[in-house]
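K.L.:
Need coordinates for the following:
(one chain, ligands or ions: 2)
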Amino acid sequence: MFDFLIVGAGFAGSVLAEQMASQLGKTCLIVERRNHIGGNAYDQYDAAGVLVHKYGPHYFRTNSDRIIQYLSQFTEWREVEYKILSWTHGRYWQFPINLNTFEQLIGRSSTSDEMEAQLAEWRVDIAAPKNSEEVIVSQVGWKLYEMFFKNYTRKQWHRDAKDLDSSVCGRIPIRTNRDDRYLSEKFQALPKNGYTSMFQKMLSHPKIEVRLNTDYREAREHVQFNHLIFTGPIDEYFDHCFGHLPYRSLRFEPESLPQEFFQSAMQVNFPNDHDFTRIVEIKHATGQKLPSTTIVREYPQDFGPGREPYYPIPAPDARALYQKYAERAASEKDVSFVGRLATYRYYNMDQIVGMALAEFDRLRRKEQVLPALYPRSSVV
Ligand code: FAD
Ligand code: UDP
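P.N.:
Ligands and ions are numbered 1, 2, ... in the order given. Presented below is the predicted three-dimensional model:
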């Protein structure tokens, strides 16, 4: 008998388990169908001793002091300025678009004023961009959109940018100064000893039990609990009763190389060449000192049997279908749907931590009104 059965040991499930156990003394059983904790943020040392992010690069960043403070209980940080490049038209470009990119384009030095004046000429006048194509062309015009965004987006999502919410491409900053960091949040850092080590600390509480290689379907047959926290795909929870939600999947192709570094940046994007979208060499960011390196090529692929649902698809049609599930979820008693897959949102790690902390607050308040709902179990 557990107070909470938690499905999924990613950020959503782990933060909730940690809070329930440490703040309220609740017993939590986490079931995770993979053979490890950490969800998509899981990292591991490969055969060559290189720390790799198994499910694609995870660049932690946030503007929230509360989230930094919370996670800092379980890790120290290595501050990193995430910098990447884009490869197209036979050369490397500074990316995201900034004054240096503009200078590369015009082949001479320039100024922010000149770049702004040029963008003002190129940009398409759209007051309220409704999709990912509009959000980019309204800032930089067609030429730069076609160089850097159009085909990358098609490759990544198997959809045109105009069929995706503006938030997808809109999350990439466009700057007219020389700030060439990929992201703009004030805190950009990796857990000093990796994500997995951070998760291990978070979950090492006597009231938390983790069962790996265990699916919810199996666990629900024999585990007793008062409240369920579900962080898996919401359509799967409801046996796809309204149809399958669309997801985008990926195939990761790692390659170990007997050299210190393979490329000059931690990530190179390939908008117009190859079937993969990017090559990631995370060692640039982790700062590991080793004579060998590991790169990972990322191939987008359709979601289907045996494949992971990495990305919910931020688009009106997918959201309309999700809405049906969300309405059913709202009437589900004693179940919380938390996380990227359960709320079908293209959220970053810090947003998921925030969502989990908010759900903890909500459940804690509810418990204060209805203490009998969560009787403390003596069995861990
Ligand atoms: P997940 O990490 O997906 O965890 C859910 C867990 O539930 C999984 O481990 C899954 O196996 C388990 N599960 C699902 N169903 C069941 C079931 N039926 N039974 C048992 N277990 C189940 N965010 C950033 O902030 N920065 C980045 O740079 C970044 N890069 C990313 C790159 C890629 C390629 C991807 C895919 C995501 C990236 N993210 C990034 C997003 C980040 O991964 C998510 O925000 C975060 O991991 C979501 O946490 P979660 O707990 O909601 O879900
Ligand atoms: N994008 C693009 N070209 C790039 C990088 C990103 O068109 O060189 C678009 C693409 O649609 C991508 C989105 O911007 O899916 C968000 O990019 P990000 O690197 O944040 O994607 P993630 O790391 O979440 O896969």
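
K.L.:
Low-confidence regions, the chain specifically.
P.N.:
369-380 (pLDDT under 70).

K.L.:
What is the longest helix seen in the chain packed up against?
P.N.:
If you go by DSSP state H, the chain has its longest helix at helix 349-369. Other elements packing on helix 349-369 under the criterion 3 or more CB pairs under 8 Å, 6 or more residues apart in numbering; DSSP states H and E are helix 11-24, helix 65-71. Bear in mind the C-beta positions are built from the backbone N, C-alpha and C, glycine included.

K.L.:
Identify whichever of the ones you listed lies nearest to ligand 2.
P.N.:
For the helices and strands packed on helix 349-369, the distance to ligand 2 is smallest for helix 11-24, at 14.8 Å, taking CB to the nearest ligand atom.

K.L.:
circling back: please identify the deepest-packed of the helices and strands packed on helix 349-369.
P.N.:
Counting by mean count of other CB atoms under 10 Å, helix 11-24 has the highest mean neighbour count of those, with a mean of 24.

K.L.:
Name the strands paired with the next helix or strand after it and say parallel or antiparallel.
P.N.:
Sequence-wise, the next helix or strand downstream of helix 11-24 (DSSP states H and E) is strand 28-31. With DSSP bridges as the test, strand 28-31 is paired with strand 2-7 (parallel), strand 208-211 (parallel).

K.L.:
Would you format those strands as JSON lines with distance to M198 and mean neighbour count included?
P.N.:
As requested, the strands paired with strand 28-31 are exported to JSON lines (distance: least, CB to CB, whole Å; neighbours: other CB atoms under 10 Å):
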{"stretch": "strand 2-7", "distance to M198": "17", "mean neighbour count": "24"}
{"stretch": "strand 208-211", "distance to M198": "15", "mean neighbour count": "19"}
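
K.L.:
Turn those into CSV, including distance to ligand 1.
P.N.:
Putting these into CSV (distance: least, CB to the nearest ligand atom, whole Å) gives the following:
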stretch, distance to ligand 1
strand 2-7, 5
strand 208-211, 9
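
K.L.:
So for P233, which of those sits nearest?
P.N.:
In terms of CB to CB, the element of the strands paired with strand 28-31 nearest to P233 is strand 2-7, at 10.3 Å.

K.L.:
relative to helix 11-24, how tilted is the closest one?
P.N.:
160 degrees (axes from the mean of the first three to the mean of the last three CA atoms, to 10 degrees).

K.L.:
how close does D43 sit to ligand 1?
P.N.:
Per CB to the nearest ligand atom, to the nearest Å, D43 is found 12 Å from ligand 1.

K.L.:
mind listing what that residue touches?
P.N.:
D43 sits next to L51, V52, H53, K54, H58, G194, Y195, T196 when contact means CB atoms under 8 Å, 6 or more residues apart in numbering.

K.L.:
same thing with G339?
P.N.:
Taking CB under 8 Å, 6+ apart as the criterion, G339 is in contact with G8, G10, F11, A12, G13, T231, I352, M355, A356.

K.L.:
Could you measure from it over to A9?
P.N.:
According to CB to CB, to the nearest Å, G339 stands 11 Å off from A9.

K.L.:
before we move on, the earlier item: strands - which of the contacts of D43 land there?
P.N.:
Members of the contacts of D43 lying in strands (criterion: DSSP state E): L51, V52, H53.

K.L.:
Take those and write them to JSON lines, including distance to ligand 1 and neighbour count.
P.N.:
What follows is the ones in strands among the contacts of D43, written out as JSON lines (distance: CB to the nearest ligand atom, whole Å; neighbours: other CB atoms under 10 Å):
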{"residue": "L51", "distance to ligand 1": "15", "neighbour count": "22"}
{"residue": "V52", "distance to ligand 1": "13", "neighbour count": "24"}
{"residue": "H53", "distance to ligand 1": "8", "neighbour count": "23"}
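
K.L.:
Closest one to ligand 2 out of the residues you listed, please.
P.N.:
Distances from ligand 2 to the ones in strands among the contacts of D43, taken by CB to the nearest ligand atom, are shortest for H53, at 11.1 Å.

K.L.:
Dihedrals phi and psi, the closest residue to that closest one other than its chain neighbours?
P.N.:
Nearest residue to H53, sequence neighbours excluded (CB to CB, 6 or more residues apart in numbering): D43, at 5.0 Å. Here is the backbone geometry of D43 (degrees, to the nearest 10): phi -130, psi 160.
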